[in-house]
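Novice: what shape does this take:
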Amino acid sequence: MTTTTLAVLVPLLPFLGAAAGLLLGRTAPGFVRPLAVLPSLVSLALAVLVAVRQGGDRAVDAATELTPTGSVPIELALHIDGFAALVAVVVGIVASCVQIYSTGYLREDPRYPSYAALVSLFTSAMLLVVYSGDLIVLLVGWEIMGICSYFLVGHYWETPEARAASLKAFLVTKLGDVPFLIGLFALATDTGSFRITRVLGAVTSGGLDHPTLIALLLLAGVAGKSAQFPLHTWLPDAMAGPTPVSALIHAATMVAAGVYFIARLLPVFAASSAAMIVLAVMAAVTMFGSALAALAQDDIKRVLAYSTIGQLGYMTSALAVGDRGAAVFHLLSHGAFKALLFLAAGVLIHASGTNSLAAMSRMKDLRERVPDAYWTMTVALLALAAIPPFSGFFSKEAVLGAAEHAATGHAGHVPGAAGWIVLTAGLLTAVLTAAYAMRLWLLAFRGHGTEAPDHGRQPVTMTSVLWVLAVPSLAFGLMYARLPDWFDGRDLTPVLTTSVLGTGMALVGGIVTYAAWRHTTALAARVPLGAVAAHPDADAGQVEAEAIASHAPAYGNVAYAPDPADPGRLLLGPIHRHAAVGFHLDTLYARLFVRPVLAGAALVRFLDREVVETYVRGAGALPRWLGEAVRRAQTGNVQTYVSALLAGTVVLTVAVLLVATGA
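Specialist: Take a look at the predicted model:
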């Protein structure tokens, strides 16, 4: 087979698996799990083969016109360069691991067939985005991921949290997609093509007439899809879905799509210095703010969600200083260790048989009960904190090195201000990242919470996947010397200055957090830990209100007191309560946008009901009255009809005579 044929099969196989899974889910349930796992594994094998054949050399390009448009053509096109080939491999690895893991995690779920089909469709859409050489075809995969995320996040639709989270994810991402679509059309108008290679060629030759406007419109879509400030608020709430879905969305699919899109079209953004500054500021605010929020969360999945937002900020910051090699390097590294973190968290949750164990304040003695999760999660957290020699150190150092390069004026056309913004925010975020990683490890595996019942050994399909992902989380960064050939030839060797600064900041964050934990643990020995409200027959709303009043997490009809050994409260001090709720951005958006929209909708409803419908009812009343009058004239009496006829004849005769006489 040719490389082009293999590349076409990579996204096609998961799509066919999704279709077959939906068709056979009810009639032949025994085929559902093989149809979920096998297409993903075969697709992964083909993606690896495509990467081997591409080898980081000249890009593989193929195209055929999809349909004549009369203006800018739309083509079914492939454009597979080095980083596209590697991103497809990571997507295949994560998707395959998620599908295998889900066979154990959701083995008792009656809606598993539809879930597995949606995961396969999601995977197919992301692979389409990765390999696509035409922006409209890329947009198709982009939107399919959006609708799949809506259904997957809302998998537990019985709960109001899942319904609200799925709707919020859909609406916020669509809010960014509207200007994104306008930006794509504006880009095609300026360059005369949706084909990525032709667009980049036109940009190189100076054929872009409105670079700043186009770049900012496209950034809105990227901010929504990749959960960057100010459109990041949907991602923490998306934790209401199954944990494997969180791993899928956060690791190498969907949220990485925006970063990948900028990397693919980086010359378009680099054509505008203003757009690069905006991108740098967006990345800096995202990194630092999300790290503060992560340090204040009690739910382990929300910690990881804010962590994802921050790590995506590192990727976009690398793009803001013009280094897509560093950005994609961190994307690949992050894909491995973040998938591992979420799936390990799923093992902790599954061990208790309830999602309530996601609260770290309730965790106790998990090191002995789930050793696989303990060891692999430790590896992933070290990678997240960028401790050498774990993969996150090398990829994050590439970002900081690129920022230092731009800040000192050695990045050519990249504004020096963008470099300083990114470098400063990146180093500060390194401290906070190590802090919340250490806090998570301490509370999850050395916490003093309420011990949950032991539900026995976890399925091998779940624990084996953790060890598979632990390998790249540990060793992938060591490939930095071979990756430049795949990434435009940019050197990814760690820089001494930023390596020392970054690692030093991470160690400071970890050590200070550990010291704070030791201090709070000593204090906790004198503070009774338990429930502030634990009434078996209590109203859940009342208990939740008590929990909110005391800043304690609520579970069912029990509101648990905050863990007094939580170092996050000591480290954040008075801003902890604000960071815990995402600095009130949801409340702000509700007041600025949601309430005015609801008020406008109420006004439209009133006008429609009281004004428009009044005219409609009036317009219908007149014919009805005329019809009633005519109906009453139809008596069925022949004598009445003849009398009326004669009377009418007389009236007409008189009228004619009067007219004639007057004439």
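Novice: list the helices and strands the helix or strand hosting A351 packs on?
Specialist: Assigned by DSSP states H and E, A351 belongs to helix 324-352. On a contact count with 3 or more C-beta pairs under 8 Å, 6 or more residues apart in numbering; DSSP states H and E, helix 324-352 meets helix 82-105, helix 243-251, helix 255-264, helix 300-320, helix 366-369, helix 371-384, helix 391-407, helix 460-475. Using the backbone N, CA and C atoms, a C-beta is placed for each residue, glycine as well.
Novice: now with 6 Å?
Specialist: helix 82-105, helix 243-251, helix 255-264, helix 300-320, helix 371-384, helix 391-407, helix 460-475 (3 or more C-beta pairs under 6 Å, 6 or more residues apart in numbering; DSSP states H and E).
Novice: the fifth one - what's its average pLDDT?
Specialist: Per-residue pLDDT values over helix 371-384 give a mean of 94.
Novice: one step back: how distant is the helix holding A351 from the center of its chain?
Specialist: Relative to its chain's centre, helix 324-352 lies at 14 Å (C-alpha atoms, centre = their mean, to the nearest Å).
Novice: ditto for stretch 156-170
Specialist: With C-alpha atoms, centre = their mean, you get 14 Å for stretch 156-170.
Novice: show me what counts as buried in that stretch.
Specialist: Buried residues in stretch 156-170, counted by 16 or more other C-beta atoms under 10 Å: Y156, A162, A165, S166, K168, A169, F170.
Novice: please export the C-alpha coordinates of that stretch as PDB.
Specialist: In PDB, the C-alpha atoms belonging to stretch 156-170 read as follows (Å, rounded to 0.1, in the frame of the first residue of the first chain):
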ATOM      1  CA  TYR A 156     -24.400  10.200  33.000                       C
ATOM      2  CA  TRP A 157     -27.300  12.300  31.800                       C
ATOM      3  CA  GLU A 158     -29.400  11.300  34.900                       C
ATOM      4  CA  THR A 159     -27.300  13.700  37.000                       C
ATOM      5  CA  PRO A 160     -27.900  17.500  36.600                       C
ATOM      6  CA  GLU A 161     -24.200  18.100  36.800                       C
ATOM      7  CA  ALA A 162     -23.500  16.000  33.700                       C
ATOM      8  CA  ARG A 163     -26.300  17.700  31.800                       C
ATOM      9  CA  ALA A 164     -25.200  21.100  32.700                       C
ATOM     10  CA  ALA A 165     -21.500  20.300  31.900                       C
ATOM     11  CA  SER A 166     -22.200  18.900  28.500                       C
ATOM     12  CA  LEU A 167     -24.400  21.900  27.500                       C
ATOM     13  CA  LYS A 168     -21.800  24.300  28.800                       C
ATOM     14  CA  ALA A 169     -19.000  22.600  26.900                       C
ATOM     15  CA  PHE A 170     -21.000  22.700  23.700                       C
END
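Novice: what ranges do the helices span in the stretch 551-663 of the chain?
Specialist: 567-572, 576-580, 585-589, 595-607, 613-633, 638-662 (DSSP state H, counting those that start in this stretch).
Novice: which one of the ones you listed lies nearest to S43?
Specialist: Nearest of the helices of the stretch 551-663 of the chain to S43, taken as C-beta to C-beta: helix 585-589 at 37.3 Å.
Novice: can you tell me what sits against stretch 228-235?
Specialist: Under the contact criterion C-beta atoms under 6 Å, 6 or more residues apart in numbering, stretch 228-235 has outside partners 168-169, 172, 176, 223-224, 227, 282, 285-286, 305, 309, 585-586.
Novice: before we move on, what about stretch 377-386?
Specialist: So stretch 377-386 is contacted by 337, 340-341, 344, 390-393, 396, 433-434, 437, 441, 470, 473-474, 506 (C-beta under 6 Å, 6+ apart).
Novice: show the buried residues in those residues.
Specialist: 337, 340-341, 344, 390-393, 396, 433-434, 437, 441, 470, 473-474, 506.
Novice: can you list the weak-confidence ranges in this structure?
Specialist: Within the chain, the ranges that satisfy pLDDT under 70 run 252, 352-357, 448-456, 524-565, 632-633, 635, 663.
Novice: dump the residue contacts of R33.
Specialist: T103.
Novice: relative to helix 82-105, how tilted is the helix or strand encompassing it?
Specialist: Assigning secondary structure by DSSP H and E places R33 in helix 32-54. Helix 32-54 runs at 160 degrees relative to helix 82-105, counting by axes from the mean of the first three to the mean of the last three C-alpha atoms, to 10 degrees.
Novice: for the next helix or strand after helix 32-54, packing partners?
Specialist: Moving toward the C-terminus from helix 32-54, the first helix or strand encountered (DSSP H and E) is strand 60-67. Packing partners of strand 60-67 (3+ C-beta pairs under 6 Å, 6+ apart): strand 74-80.
Novice: how close does the spatially closest residue to F194 that is not a sequence neighbour sit to S193?
Specialist: The shortest distance from F194 to any non-neighbouring residue, by C-beta to C-beta, 6 or more residues apart in numbering, is to L135 (4.4 Å). From L135 across to S193, the span is 9 Å (C-beta to C-beta, to the nearest Å).
Novice: among those two, which residue is more densely surrounded?
Specialist: Taking neighbours as other C-beta atoms under 10 Å, L135 and S193 compare with L135 leading, 25 against 19.
Novice: spatially central residue for the protein, please.
Specialist: Nearest to the mean C-alpha position of the chain, counting by C-alpha atoms, centre = their mean, stands V255 at 4.3 Å.
Novice: that residue and A383, how far apart?
Specialist: As judged by C-beta to C-beta, V255 and A383 stand 18 Å apart.
Novice: try I511
Specialist: According to C-beta to C-beta, I511 and A383 sit 18 Å apart.
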